[in-house]
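Peer 1: using only what follows, build the 3D model:
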Amino acid sequence: MAELNLNVMSKTLKIRDLTLRDGQQSSFATRMNQQQVDRCLPLYKDAHFYAMEVWGGAVPDSIMRYLNENPWDRLELIHKDVGTASKLTALSRGRNLFGYAPYPDSIIEGFCRLSLENGLGIMRIFDALNDVDNVKSTIKYVKKYGGIADCAVCYTVDPKYPKVGFLGGLFGKKTPKPVFTDDYFLKKALEMESLGADMITIKDMSGLIPPARVMGLVRLFKKHLHIPVDFHTHCTPGYGLASVIGAIAAGVDIVDTNCWYFAGGPSAPAVELVYIFCQKMGIDTGVNMEAVARINTQLREIRKELNLSVFNEDKPEPKPFNPLTDTLPAEVEAEFDRAIKAAQTDDYDTLTAACQAIEAYFGFPPPNELVKNAEIPGGMYTNMVAQLQQLKAEDILPRAMELIPMVRLAAGLPPLVTPTSQIVGAQAVNCAMDEKAGRPFYTNKSAQFVALVKGEYGRTPVPVDPEFRLKITGSREETPYDTSKYQTQPNPTLPEAGDAKLAADEKEQLLLELFPQVAKDFLTKQKIEAFKASGGAVEATKSPAEAPQGASVLSRRKVTAPLPGKIIAVTVKEGDAIKADDEVVVLEAMKMENSITSDYAGTVVQILVHEGDTVATDAPLVVVQ
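Peer 2: Predicted coordinates for the structure are as follows:
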């Protein structure tokens, strides 16, 4: 058995399990319901993972949006079953928390306090732009209320610039210097350590970091930081397992994994494979693999349920495997040993090839070249697929993927992690739809994309071209978000629910702040259901008004939906006089808000949609005369 040089690595390794949050988000579009989670929890209590990521990310939004479940209940129920056996982790987007907009300190403090009071142990904090100013408040409040501040540096790569030809060089054109260097990442980590971070995570949300790069970064971080280092990656482009093994060899303190049936592909590597490597390398993970095997019994059935409910097919699963009871074939055992020797000698190509051969043997998805070339997170990809299927617009996916690098570069080269991954991805979809309809790129742009280019999310890694900012926002000047102008979401009484308040307590009010439309829909439905259960009668919804009978058909013009989505606001009423380019409807698509404007001046004579309606591309919204 190959031996690693033990003086460059720890003899113990902590494992953070991602299955119930990032695992299901990356592979199953965050559709795991509470009943499915509950089937696993008693088994997790015996697994002894250092930590379990169970909350944050897309979970709060998705379980309200798709499952009609309360995010606070999800956290509390998991804590009730798991207790202190593992630290519960949530993923927080710095000043954006779990939502898509910057928030003032009052909101950040309230959310951190309630999260920690309801069972959270570790808050992993990152900023999608790696703007350290955006994580300061969350670090402060997590530590104030007794939590562990895990601060993440978002790994990303420089774009593939076209080569400067002879004539370009002759006229002084140069290829831009690299932005995302090792010094760039170390500087961010040191800044966060100085702010009070309890640990630093190298967060490779796209799975783009190869073994050579992560081994160099881990060694650099361990040399200069005085706090533990975690490594988080995904397997989509094919580096995941090899890079985790490389990070372990370089002395990382914690790695993130998934249980077998939620691992590989767009998710993190399988804990079972990491366990075998650690056994061979003389490293103790502290994980009870017998309990993990029992968890997998449940996850295998849940995987089938999710495949059918989310993707309408039973996708192939990896071969069943239990490292405690199953014997590896000699040729696969040899690949483990080959990978370990390669990690010892910094033979990165052999390490990658051996790990890919291991995953291929077990039937994990092969490297995804489309995702690798587009340089996007696996979770972003599966969410785009699921949402476009729901909107019946799957045909534009390949073109949208091709446009992602163009949109990203124009927007200041943000790392692609929520919310910037969703903002850039949704804008790429908008551009693909504009192109398909014969419109110029950026004819339709989300409010969030406008805010990103304006500067409201923070400083982008490279400055946005002022002329592009002018095109998108109407101004050449960068305009930071002013939290002093923040207005809390309204909390009206609901006549249809017996005059119950939309948000009954601080938890529900915070949901409204972070997810205004999604939480409004969810809480309204909850209040109406409770009112009906108590015997109340709910008023019927009014139908759209009929157009005036005397109106000339020839003089009417319809404003139509440029892309499929959900109506979240109708901003005009019948009888309103409007000008061309005035907003008439706000349409939510791909979780982004899109302002739909009229091409015509005139009077609104008919509104054809209500808030909450789902519409297809070219669906009529408003009639103008």
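
Peer 1: pLDDT below threshold where in the stretch 501-625 of the chain?
Peer 2: 537-555, 590-591 (pLDDT under 70).

Peer 1: repeat for the stretch 251-400 of the chain
Peer 2: 374, 378-379, 382-383, 390-391.

Peer 1: try it again at 80.
Peer 2: 370-393 (pLDDT under 80).

Peer 1: next: the stretch 51-200 of the chain.
Peer 2: Those would be 99-101, 159-176, if you go by pLDDT under 80 across the stretch 51-200 of the chain.

Peer 1: just the helices from it, written as ranges.
Peer 2: Taking DSSP state H, counting those that start in this stretch to define them, one finds helices in the stretch 51-200 of the chain at 59-67, 71-82, 105-117, 136-144, 166-170, 182-194.

Peer 1: out of the ones you listed, which gets nearest to M384?
Peer 2: helix 59-67 (14.1 Å; Cβ to Cβ). (Glycine included, C-beta is placed from N, CA and C.)

Peer 1: and the angle from the closest one to helix 71-82?
Peer 2: Comparing the axes of helix 59-67 and helix 71-82 via axes from the mean of the first three to the mean of the last three Cα atoms, to 10 degrees yields an angle of 110 degrees.

Peer 1: spatially central, which residue of this structure would that be?
Peer 2: T418 (4.2 Å; Cα atoms, centre = their mean).

Peer 1: check contacts around it.
Peer 2: Going by Cβ atoms under 8 Å, 6 or more residues apart in numbering, T418 touches 57-58, 93, 128, 380.

Peer 1: now A339
Peer 2: 242, 245, 277, 350-351, 354-355, 358.

Peer 1: what is the nearest of those residues to S598?
Peer 2: A242 (53.8 Å).

Peer 1: let's verify that closest one: helix, strand, or coil?
Peer 2: Here A242 is recorded as helix under DSSP: H, G, I helix; E, B strand; the rest coil.

Peer 1: ok, it to K485 distance?
Peer 2: With the distance defined as Cβ to Cβ, to the nearest Å, A242 ends up 48 Å from K485.

Peer 1: just checking, A589 touches L563?
Peer 2: Yes. Between A589 and L563 there is a contact under Cβ atoms under 8 Å: 5.3 Å.

Peer 1: selecting buried members of the contacts of A339 in PyMOL, what would you type?
Peer 2: To isolate the buried ones among those in PyMOL, judged by 16 or more other Cβ atoms under 10 Å, type:
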select buried, resi 242+245+277+350+351+354+355+358
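
Peer 1: now the contacts of A339 as CSV including secondary structure?
Peer 2: Below are these laid out as CSV (three-state DSSP):
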residue, secondary structure
A242, helix
I245, helix
F277, helix
T350, helix
L351, helix
A354, helix
C355, helix
I358, helix
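
Peer 1: determine which two of the contacts of A339 are furthest apart.
Peer 2: The widest separation within the contacts of A339 (Cβ to Cβ) is 14.7 Å, between F277 and T350.

Peer 1: for the helices of the stretch 51-200 of the chain, which one sits closest to A569?
Peer 2: Among these, if distance is taken as Cβ to Cβ, the winner is helix 59-67, at 16.9 Å.

Peer 1: what's in contact with that closest one?
Peer 2: So helix 59-67 is in contact with 21, 25, 29-31, 33-34, 69-71, 74, 98-99, 511, 514-515, 518-519, 521-522, 591, going by Cβ under 8 Å, 6+ apart.

Peer 1: show the buried residues in these.
Peer 2: Buried among the contacts of helix 59-67 (16+ other Cβ under 10 Å): 21, 25, 29-31, 33, 69-71, 74, 98-99, 511, 514-515, 518-519, 521-522, 591.

Peer 1: gap between the residue lying closest to I276 once chain neighbours are set aside and N296?
Peer 2: Closest residue in space to I276, ignoring its immediate chain neighbours: P323 at 5.4 Å, by Cβ to Cβ, 6 or more residues apart in numbering. As judged by Cβ to Cβ, P323 and N296 stand 11 Å apart.

Peer 1: compare those two (neighbour count), which wins?
Peer 2: More neighbours surround N296 than the other of P323 and N296, with 25 against 19 (other Cβ atoms under 10 Å).

Peer 1: surely the more buried one touches A263?
Peer 2: No. N296 sits out of contact with A263 when judged by Cβ under 8 Å, with a separation of 9.9 Å.

Peer 1: does Y481 touch P102 like I think?
Peer 2: Yes. Between Y481 and P102 there is a contact at 4.5 Å, judged by Cβ under 8 Å.

Peer 1: could you tell me which residues touch both of the two?
Peer 2: By Cβ under 8 Å, 6+ apart, Y481 and P102 have these common neighbours: 456-458.

Peer 1: which one (most neighbours) among these?
Peer 2: Y457 (30 neighbours).

Peer 1: surely that one touches R93?
Peer 2: No. Y457 is beyond contact range of R93, at 9.8 Å (criterion: Cβ under 8 Å).

Peer 1: need the residues touching each of those two.
Peer 2: 128, 419.

Peer 1: so of the buried ones among the contacts of helix 59-67, which ones are in helices?
Peer 2: In helices, judged by DSSP state H, the following of the buried ones among the contacts of helix 59-67 are found: 25, 71, 74, 511, 514, 518-519, 521-522.

Peer 1: please enumerate the helices of the stretch 401-550 of the chain.
Peer 2: Here the stretch 401-550 of the chain has its helices, by DSSP H, counting those that start in this stretch, at 420-436, 447-454, 466-473, 506-514, 516-533.
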